[in-house]
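**Student:** only geometry, no sequence info:
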C-alpha cells in the first residue's frame, strides 16, 4: 500500500513548481542586435494579450478573444510564430499598451508590467547600409529558466531580417560635343 501511494503521489510532486507571485513587479528587456551589433532607434510596441494566473495558465483578454487557437496548448516554435502573426493582425485595431525605443546599447526596457502574455512588435528601421524588419513574437512575463525557477525580469532577443537599404542616386548625364 505504501509503495502504491508513493507511485501515485510522486509524479505530481515531481512536476510541481512555485506559483507565480502575482504581486511582484515584472519587466521585459528586448535586445535589438545584428550578430551582437546593437541596433539603436528600433521602436517596439507591447500588447498585453492575456492574464497569467498563479499556476502559469493564460486567459486571453477580451480584445484578443478572436484568436482561433488555445493559447495554453501551443507546443512548438511554429505554433508560437503563427499565434504571434494572428495576434498582430488582431492588435492592429488597438493602441499598444506600452512603447519603447532601443537605446545606443540596443536595449528597450518595459518596466513594472503585470504578469501575463505579451505580443511584441518591432517597427522596420534603416541603419545604413541595412534595412531591418522584425518578426512579431509572444513572450510570457514572467517566464521560467532552465531550472524551472521564475524569472521576473525577462530578457529577449528579437528575430530580424535584413536587406541592403535602398538608396536614391541622382545621375546627371552631361553631353560634351563639338556642337554638331
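**Tutor:** Happy to help now that I have it. In this text the structure is predicted, and so the values were computed from the model without any measurement.

**Student:** residue ranges with poor pLDDT in the chain?
**Tutor:** Low-confidence regions of the chain, defined by pLDDT under 70, span residues 1-16, 168-169, 179-180.

**Student:** hey, where'd the helices end up in it?
**Tutor:** Secondary structure of the chain (DSSP state H): helices located at 2-14, 77-91.

**Student:** what's the longest one packed up against?
**Tutor:** Looking back up the chat, that one is helix 77-91. Helix 77-91 makes packing contacts with strand 43-52, strand 116-122, strand 137-141 when contacts are defined by 3 or more C-beta pairs under 8 Å, 6 or more residues apart in numbering; DSSP states H and E. In short, each C-beta sits where N, CA and C put it, glycine included.

**Student:** got those strands as a markdown table, with mean neighbour count and distance to residue 27 columns?
**Tutor:** A markdown table is the format used below for the helices and strands packed on helix 77-91 (neighbours: other C-beta atoms under 10 Å; distance: least, C-beta to C-beta, whole Å):
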| stretch | mean neighbour count | distance to residue 27 |
| --- | --- | --- |
| strand 43-52 | 20 | 11 |
| strand 116-122 | 23 | 11 |
| strand 137-141 | 20 | 7 |
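
**Student:** Save the ones you listed as CSV, and put in distance to residue 70 too.
**Tutor:** Formatted as CSV, the entries for the helices and strands packed on helix 77-91 read as follows, by distance: least, C-beta to C-beta, whole Å:
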stretch, distance to residue 70
strand 43-52, 11
strand 116-122, 13
strand 137-141, 14
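
**Student:** Okay, and the beta partners of residue 130?
**Tutor:** Judged by DSSP bridges, the bridge partners of residue 130 are residue 127, residue 164.

**Student:** sorry, back to before: for residue 30, find the nearest of the helices and strands packed on helix 77-91.
**Tutor:** When the helices and strands packed on helix 77-91 are compared by C-beta to C-beta, strand 43-52 sits nearest residue 30, at 5.7 Å.

**Student:** Give me the helices and strands touching that closest one, please.
**Tutor:** For strand 43-52, the contact count by 3+ C-beta pairs under 8 Å, 6+ apart identifies strand 58-60, helix 77-91, strand 98-101, strand 107-113, strand 116-122 as packing neighbours.

**Student:** Tell me which of the ones you listed sits most buried.
**Tutor:** strand 116-122 (a mean of 23; mean count of other C-beta atoms under 10 Å).

**Student:** which helices and strands does that strand pack with?
**Tutor:** Using 3+ C-beta pairs under 8 Å, 6+ apart, the elements in contact with strand 116-122 are strand 26-31, strand 43-52, helix 77-91, strand 130-134, strand 137-141.

**Student:** Run me through the strand neighbours of it, direction for each.
**Tutor:** When sheet partners are counted by DSSP bridges, strand 116-122 sits next to strand 43-52 (antiparallel), strand 137-141 (antiparallel).
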